[in-house]
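Asker: Sequence and predicted structure below; questions after.
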Amino acid sequence: MAHDARIFVAGHRGLVGSAIWRELQRQGFTNLIGKSRGELDLVDGGAVKTFYAAEKPDYVVVAAAKVGGIHANNTQPVAFLRDNLLIELNLIHGAWEAGVKKLLFLGSSCIYPRLAPQPLKEEYLLTGPLEPTNEWYAVAKIAGIKLCEAYRRQHGCNFISAMPTNLYGPNDNYDLNNSHVLPALIRKFHEAKIASAPSVTCWGSGSPERDFLYSDDLAEACVFLLEHYDGEPFINIGYGRGLTIRELAETARRIVGFPGDIIWDTSKPDGTPKKLMDSSRIFALGWRPRTDLETGVRLAYGDFQRRFGGI
């Protein structure tokens, strides 16, 4: 990509989009386009069409989505399905209409079947039932992958897809009602430390295994794919090693400095028992993550303290 190429990062203020924005700037790209939700409602097809006509981006990164954890997915199925379908359709169809050179669509590891073999390989998509606690979001993300494939096959578009693993880092969402597991743990332990609480209660048994990737590492992978990958098959992006939610909680508790106990509420759902990404395809292309969990969680907690330390 030329360093003066017009690159639209949809969702540039979120966890993923802001990391990609920072990485593009770090690598010397000078013509970035970002719109807040107030400036451009991605659910509004007419507004997106007008945006494409006015801004004429050369490249598009679809990092915008309605996201959340188990509780949010369970209680807002319409929003997670409808809003994400509309965002994807508007951005992908609009990119074709506008003659965008290349588009990168970002999905989620929840696209895979609940009981798929581990680690998750790209070819396991659509081989079994989804995890019920996040199937609405998963169905929308699968549709985004298939939209990119369809526009490639019918119109010859260079639209690619990547599936990140569980992410964390700067600009994460720490709302306890709709955040993912690590930011929720950071906030819970921080608030408990401030309040001198004797314990923190966490959902589930702590036994599920997950793969966690720092958002700046994902951003490097995304720019790498924009410059080095043009294939139709989507590509996993993970850290390459998993850990249990219990191990994650213990790490977060230690880094936050909370001295109390962790109580596991087994009446709450665990979600998928095991979800580890096979990232061998992108590793073979030459990309590897840089940030280990200890370093990443310390950076994430520092970000939380700068933004919400007074909570």
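Answerer: Great, that's in hand. Numbering: from 1, shown residues only.
Asker: Now tell me which helix or strand of this protein has the poorest mean pLDDT.
Answerer: Sorted by mean pLDDT, DSSP states H and E, the helices and strands of the chain end with helix 70-75, the least confident at a mean of 77.
Asker: which residues sit against that one?
Answerer: Contacts of helix 70-75 with the rest of the structure, by CB atoms under 8 Å, 6 or more residues apart in numbering, involve 80, 133-137, 177-178, 203, 269, 271. For every residue, glycine as well, the C-beta is placed using N, CA and C.
Asker: List the ones among these that fall in strands.
Answerer: Counting by DSSP state E, these place Trp203 in strands.
Asker: filter the contacts of helix 70-75 to the buried ones?
Answerer: Among the contacts of helix 70-75, those classed as buried by 16 or more other CB atoms under 10 Å are 80, 133-137, 178, 203, 269, 271.
Asker: Do I have it right that Ala162 meets Cys222?
Answerer: Yes: with contact defined as CB atoms under 8 Å, Ala162 counts as touching Cys222 (6.6 Å).
Asker: Which one of those two is surrounded by more residues?
Answerer: Counted by other CB atoms under 10 Å, Ala162 and Cys222 do not tie: Cys222 has more neighbours, with 25 against 22.
Asker: For Gly309, see how far away the closest residue to that one other than its chain neighbours is.
Answerer: Nearest residue to Cys222, sequence neighbours excluded (CB to CB, 6 or more residues apart in numbering): Ile20, at 5.3 Å. Separation of Ile20 from Gly309 (CB to CB, to the nearest Å): 26 Å.
Asker: Check the secondary structure at Ala19 for me.
Answerer: Under DSSP: H, G, I helix; E, B strand; the rest coil, Ala19 falls in the helix class.
Asker: what are the ranges of the strands in the stretch 101-250 of the chain?
Answerer: With DSSP state E, counting those that start in this stretch, the ranges of strands along the stretch 101-250 of the chain come out as 102-106, 159-164, 166-168, 199-203, 209-214, 235-237, 242-244.
Asker: Dump the fifth one to CSV, restricted to CA.
Answerer: Spelled out, that is strand 209-214. Backbone C-alpha positions of strand 209-214 (Å, rounded to 0.1, in the frame of the first residue of the first chain) are rendered in CSV as follows:
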residue,chain,number,x,y,z
GLU,A,209,-9.8,-22.5,27.9
ARG,A,210,-9.2,-19.5,25.7
ASP,A,211,-6.5,-17.9,23.5
PHE,A,212,-5.9,-14.1,24.3
LEU,A,213,-4.1,-11.7,21.9
TYR,A,214,-3.1,-8.1,22.7
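Asker: And the pLDDT for Thr272?
Answerer: Thr272 carries a pLDDT score of 75 in this model.
Asker: and the nearest residue to it once chain neighbours are set aside, how many residues sit next to it?
Answerer: Among residues not flanking Thr272 along the chain, Glu131 sits closest, at 4.5 Å (CB to CB, 6+ apart). Residues within reach of Glu131, counting by other CB under 10 Å, total 22.
Asker: Glu131 contacts Gly271, doesn't it?
Answerer: Yes: taking CB under 8 Å as the definition, Glu131 is a contact partner of Gly271 at 6.1 Å.
Asker: ok, back up a step: so for Ile20 and Gly309, which sits in the more crowded spot?
Answerer: More crowded of Ile20 and Gly309, by other CB under 10 Å: Ile20, with 28 against 10.
Asker: so Gln27 sits right up against Val223, yeah?
Answerer: Yes: if you go by CB under 8 Å, Gln27 and Val223 touch, sitting 6.3 Å apart.
Asker: In terms of neighbours, single out the busier of the two.
Answerer: Using other CB under 10 Å, the more surrounded residue of Gln27 and Val223 is Val223, with 21 against 13.
Asker: Show the contacting residues for the closest residue to His155 other than its chain neighbours.
Answerer: Nearest residue to His155, sequence neighbours excluded (CB to CB, 6+ apart): Trp96, at 5.7 Å. By CB under 8 Å, 6+ apart, the residues touching Trp96 are 151, 155, 157, 159.
Asker: Trp96 sits in which helix or strand?
Answerer: Assigned by DSSP states H and E, Trp96 belongs to helix 77-98.
Asker: Let's have the strands of the stretch 101-250 of the chain in a markdown table, adding mean pLDDT and distance to Glu55.
Answerer: A markdown table is the format used below for those (pLDDT from 0 to 100; distance: least, CB to CB, whole Å):
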| stretch | mean pLDDT | distance to Glu55 |
| --- | --- | --- |
| strand 102-106 | 98 | 14 |
| strand 159-164 | 98 | 18 |
| strand 166-168 | 93 | 27 |
| strand 199-203 | 94 | 42 |
| strand 209-214 | 95 | 30 |
| strand 235-237 | 98 | 27 |
| strand 242-244 | 93 | 40 |
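Asker: for those, which one sits closest to Trp264?
Answerer: With distances scored as CB to CB, the stretch of the strands of the stretch 101-250 of the chain nearest to Trp264 is strand 199-203 (5.8 Å).
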